[in-house]
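Participant: Need coordinates for the below:
(one chain, ligands or ions: 2)
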Amino acid sequence: MNRLFKTLTCPKCGREYPINELQNRCVCGAPLLAYIRVENINDPLDMIVSEDDSLWRYRKLLPINDENNRVTLGEGMTPLKHEVELGAVLGLDNLLLKDEGVNPTGSFKDRGMTVAITRAKELGVTKVSLPSAGNAGVAAAAYANAAGIECSVFIPDDTPSSFSESCREHGANVTLVKGTISDAGRAMSEQLDESWFDLSTLKEPYRVEGKKTMGYELAEQLDWKLPDVILYPTGGGTGLIGMWKAFDEMEKLGWIGSERPKMVSVQSEGCAPIVKAFHEGKDFAEPWENAKTNALGLRVPSAIGDFLMLEALRESEGTAIAVSEDEIIDGIRLVEKHTDLSPAPEGGAAVIGVKKLVENQFLKGSESVLLFITGSKEKYSELY
Ligand SMILES: Cc1ncc(COP(=O)(O)O)c(C=O)c1O
Ligand SMILES: [Zn+2]
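Facilitator: Ligands and ions are numbered 1, 2, ... in the order given. Purely as a prediction, here's the structure:
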C-alpha cells in the first residue's frame, strides 16, 4: 500500500479497518474513507507525475498497492475554461467551467471507477455490482470490462435506453428496476449474493478517491489558487465529498492554505433532500418521497454521505439550492448558446444555480465561480 495510507476510517464513529482487505461500509452504516498521513515530504510538488495527462498524475496520492495495476482509459485532466460570454450573461466577471463530459464514457463517474476498479482488482475481486442512475453504471461497465471483471448494473426502468445499451456494449449485465436508484439498490441486494462486490456510491472507499482528483486538478489548473465558490450538481455526493477531502489533503501537503471555496450543492426541486436538510439546519437528510427529475444523477432520494455533504457546505459557508425541471432545460440551452459545450441536465441545473444565486446576491459579480459540467448530454437525447 502507498505509504501515505495506513487504515480505512469511519468519519462518523472513528472505527478503523485494515486497508488491505476488501471493505464496504463501517458497522455503524457510514462510509469508510482513506485519510492520508503526510510526514516528511520535502517537495510535495514532486508528488505529481506531471508527464501523465490523466488523473493518474496524482497516483502518489491514491490508496493503491502498485501503480502498475491501474485500470485506466485516459480519464481526468479535463479542460477548465474561463467562459467570458456566459459569465457576462449571468453577471459574473470570472466564471469557470470544468468540462467532465470529455471523460472516456462521458461523465465524471469515470474518475471514481478507474480507482475503484483498480483497487477491486488488486484485492482479487472478480464480480462487481451497483445500482446506478445511468452514468455510473456505464463507467463501471467500461472499467470492469477493461479489468476482466464481471459487472452487473441495476438501473431504473425509465432511464433512457442509451445507458443500458452502453452498459451492455461494455459487457455488463443490466437489470431494469421500477422506481429510483434506491429501489434498484434494494433489488440488487435481493437478487445477488455476496460473491458480487458492492460498488454502490460510498459503500466502498475508493470511488470517492478517484473523485477527489477533481479537487487536485482544479487547484493545479488555477496555479494553486482556489476559486471563491464551487457549484456541484449533487446526488449521492461523492463529487462534493471528494473535492472537500482533496482540499484537506492539499493543505496537509502545503499546496494550498487554509482558505476554502464556498461549496454549493445544486439539486432538482423534484428531489432535493440535501437542500431541505441544509436549510432546516439538520445534520442528516430525510429520504425524499416520490423523487422525480429528468436530471437522472440528481434523483437520489437518500444518500449515505448526507452528513459529509452537509458538513462541507456548512464549514465552507456555502449553500444549497434547488431548481425546477423547466429551469434545467433553460440551463442546458444557456450553456449551449454561450459556450462550446452541450451539458448533461445535471450541468444545466448547476448553471441555473449560479443564476439564482447571483439574483439573490449570494454570489457577487467579482467572485470567481467554478461550475462543474459533470457530463455530456449525448446519452440523454431521449429526454432533451
Ligand atoms: C452527470 C451527473 N452529474 C452529477 C451527478 C451527481 O453526482 P454525485 O452522485 O457524486 O453527487 C451524477 C450522478 O449520477 C451524474 O451522472
Ligand atoms: Zn462508523
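Participant: just the strands in the stretch 101-250 of the chain please.
Facilitator: Remark: strands assigned in the stretch 101-250 of the chain by DSSP state E, counting those that start in this stretch are 127-131, 150-156, 173-177, 197-198, 229-233.
Participant: and the ones you listed as a markdown table, adding mean neighbour count?
Facilitator: Every C-beta, even on glycine, is put in place using the N, C-alpha and C of the backbone. A markdown table is the format used below for the strands of the stretch 101-250 of the chain (neighbours: other C-beta atoms under 10 Å):
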| stretch | mean neighbour count |
| --- | --- |
| strand 127-131 | 25 |
| strand 150-156 | 23 |
| strand 173-177 | 17 |
| strand 197-198 | 19 |
| strand 229-233 | 28 |
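Participant: Adding distance to ligand 1 and mean pLDDT, write the ones you listed out as CSV.
Facilitator: What follows is those, written out as CSV (distance: least, C-beta to the nearest ligand atom, whole Å; pLDDT from 0 to 100):
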stretch, distance to ligand 1, mean pLDDT
strand 127-131, 11, 98
strand 150-156, 11, 98
strand 173-177, 16, 98
strand 197-198, 16, 97
strand 229-233, 4, 98
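Participant: Kindly reformat those strands as CSV containing distance to Met77.
Facilitator: Formatted as CSV, the strands of the stretch 101-250 of the chain follow (distance: least, C-beta to C-beta, whole Å):
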stretch, distance to Met77
strand 127-131, 25
strand 150-156, 25
strand 173-177, 30
strand 197-198, 28
strand 229-233, 18
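Participant: Tell me which of these sits nearest to Met188.
Facilitator: strand 150-156 (4.4 Å; C-beta to C-beta).
Participant: Pull the distance from that closest one to the chain's centre.
Facilitator: 19 Å (C-alpha atoms, centre = their mean, to the nearest Å).
Participant: List the contacts of it.
Facilitator: 126-134, 137, 140-141, 144-145, 163-164, 167, 170-181, 183-185, 187-188, 192, 196, 296, 299 (C-beta atoms under 8 Å, 6 or more residues apart in numbering).
Participant: For burial, what's the neighbour tally of Leu73?
Facilitator: 16 (other C-beta atoms under 10 Å).
Participant: Checking it next. Helix, strand or coil?
Facilitator: The three-state assignment at Leu73 reads coil, by DSSP: H, G, I helix; E, B strand; the rest coil.
Participant: Wait, it touches Asp110, no?
Facilitator: Yes - with contact defined as C-beta atoms under 8 Å, Leu73 counts as touching Asp110 (6.9 Å).
Participant: what residues are shared contacts of those two?
Facilitator: 104, 142-143.
Participant: Any stretches of the protein with poor pLDDT?
Facilitator: 40-42, 44 (pLDDT under 70).
Participant: Could you say which helix or strand holds Glu311?
Facilitator: Using DSSP states H and E, Glu311 falls within helix 306-315.
Participant: Sorry, slip of the keys, the one I care about is Gln267.
Facilitator: Gln267 is part of strand 262-268 when elements are defined by DSSP H and E.
Participant: and the next helix-or-strand element following that strand, does that touch ligand 1?
Facilitator: Remark: after strand 262-268, the chain's next helix or strand is helix 273-279, criterion DSSP H and E. No - against ligand 1, helix 273-279 shows no contacts by C-beta under 6 Å from any ligand atom, the least distance being 9.0 Å.
Participant: Quick one: list the elements packing against helix 273-279.
Facilitator: The contact analysis (3 or more C-beta pairs under 8 Å, 6 or more residues apart in numbering; DSSP states H and E) places helix 273-279 against strand 262-268, helix 306-315, strand 319-323.
Participant: How far away from the center of its chain is the shortest one?
Facilitator: Just to be clear, that refers to strand 319-323. With C-alpha atoms, centre = their mean, you get 17 Å for strand 319-323.
Participant: Repeat that for stretch 316-326.
Facilitator: Distance, centroid of stretch 316-326 to centroid of chain: 16 Å (C-alpha atoms, centre = their mean).
Participant: ok, Glu251 - how many residues close by?
Facilitator: 15.
Participant: same thing with Ile373?
Facilitator: Neighbours of Ile373 (other C-beta under 10 Å): 29.
Participant: Get me the contact residues on the stretch 51-200 of the chain for ligand 1.
Facilitator: When proximity is defined as C-beta under 6 Å from any ligand atom, the stretch 51-200 of the chain approaches ligand 1 at 107, 109, 133, 135-136.
Participant: can you tell me which of the residues you listed are in helices?
Facilitator: Residues of these located in helices (DSSP state H): 109, 135-136.
Participant: give me every residue that touches the spatially most central residue of the chain.
Facilitator: Centroid-nearest residue in the chain: Gly239, 2.7 Å away (criterion: C-alpha atoms, centre = their mean). Neighbouring residues of Gly239 by C-beta under 8 Å, 6+ apart: 108, 211, 214, 232-233, 372, 374.
Participant: again, only using 7 Å
Facilitator: Gly239 makes contacts with 108, 211, 214, 232, 372, 374, as judged by C-beta atoms under 7 Å, 6 or more residues apart in numbering.
Participant: can you check Phe247 too?
Facilitator: 215, 256, 260.
Participant: neighbour-wise, which of those leads?
Facilitator: Most surrounded of the contacts of Phe247: other C-beta under 10 Å gives Gly215, at 25 neighbours.
Participant: ok, and the closest non-adjacent residue to it?
Facilitator: Nearest in space to Gly215, with sequence neighbours left out and distances taken as C-beta to C-beta, 6 or more residues apart in numbering, is Ala246 at 2.7 Å.
Participant: Next: Asn294.
Facilitator: The shortest distance from Asn294 to any non-neighbouring residue, by C-beta to C-beta, 6+ apart, is to Leu383 (4.8 Å).
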